[in-house]
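Asker: model the structure of this input:
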Amino acid sequence: MSEWFKSLFSSSTLVKDTMEGLNSLFTSDDEREKAKIILEKQFQDFQLKTLEAANAEMDSARNREVKINESANSTWLAKNTASIIALSVILLAFIMFYIVVFTVIPTEKKDVIIYMLGGLISIVTMIIGYYFGSSKGSSDKDAQIQKILGAK
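Answerer: Predicted structure coming up:
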């Protein structure tokens, strides 16, 4: 998620902006504070449900792959398709690196080659994250979930 999007929907910004809009509806500071607490709790519940849904989606995809690999009825191709595609994309990325570094690229094709290489680098990053996990993203999510659970 981009930093702009995070800041737009961060708890403090969203709660503050909403409270400013609702401020005229309350007659006392006590009512305002109670509404702010309720709004913050609802936003934290929303964040927790969003993180849980993202984690469930990743678990579902990995569980599907595990079931295919453990099944006696799965063919060799079914068990290895994802790995073959991943290795092919990584091989293609290395070929593109070789082309960019060791060959003379015509000027009119240079931008296209660089653009393709950038896309391949992004895909290779996703492949590495899928097979080896994204420890940084995972630890950030775990910390966020613990922060939200601790606030309940």
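Asker: neighbours of Y130, how many?
Answerer: As a burial measure, Y130 scores 15 neighbours (other CB atoms under 10 Å). C-betas here are computed from N, CA, C, even on glycine.
Asker: with adjacent residues omitted, what lies nearest to it?
Answerer: Excluding its sequence neighbours, the residue lying closest to Y130 (CB to CB, 6 or more residues apart in numbering) is A86, at 7.7 Å.
Asker: what about the one you found, how many residues close to it?
Answerer: For A86, using other CB under 10 Å, the count is 17.
Asker: any weak-confidence spans in this protein?
Answerer: The chain contains residues with pLDDT under 70 at 1-19, 21-24, 134-142, 151-152.
Asker: what's the domain layout of it?
Answerer: According to automatic domain parsing, the chain comprises the domains 1-73, 75-152.
Asker: hmm, back to that, can you tell me the element the residue nearest to Y130 falls in?
Answerer: Using DSSP states H and E, A86 maps to helix 76-102.
Asker: between the helix or strand just after that helix and helix 76-102, how big is the angle?
Answerer: Sequence order places helix 107-132 as the next helix or strand after helix 76-102, per DSSP H and E. Compare the direction of helix 107-132 with that of helix 76-102 by axes from the mean of the first three to the mean of the last three CA atoms, to 10 degrees and you get 140 degrees.
Asker: gap between helix 107-132 and the chain center?
Answerer: 18 Å (CA atoms, centre = their mean, to the nearest Å).
Asker: list the buried residues of that helix.
Answerer: Residues 116-117, 120, 124, 127 are the ones in helix 107-132 that count as buried (16 or more other CB atoms under 10 Å).
Asker: now stretch 53-65
Answerer: Residues of stretch 53-65 classed as buried by neighbour count (16+ other CB under 10 Å): none.
Asker: and it, C-alpha only, in CSV?
Answerer: The C-alpha coordinates for stretch 53-65 follow below in CSV (Å, rounded to 0.1, in the frame of the first residue of the first chain):
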residue,chain,number,x,y,z
ALA,A,53,-8.7,-11.3,5.2
ALA,A,54,-5.3,-10.7,3.5
ASN,A,55,-3.7,-13.4,5.6
ALA,A,56,-6.5,-15.9,4.9
GLU,A,57,-6.2,-15.3,1.2
MET,A,58,-2.5,-16.0,1.2
ASP,A,59,-3.0,-19.1,3.4
SER,A,60,-5.7,-20.3,1.0
ALA,A,61,-3.4,-20.1,-2.0
ARG,A,62,-0.6,-21.9,-0.2
ASN,A,63,-3.0,-24.6,1.1
ARG,A,64,-4.3,-25.2,-2.4
GLU,A,65,-0.7,-25.8,-3.6
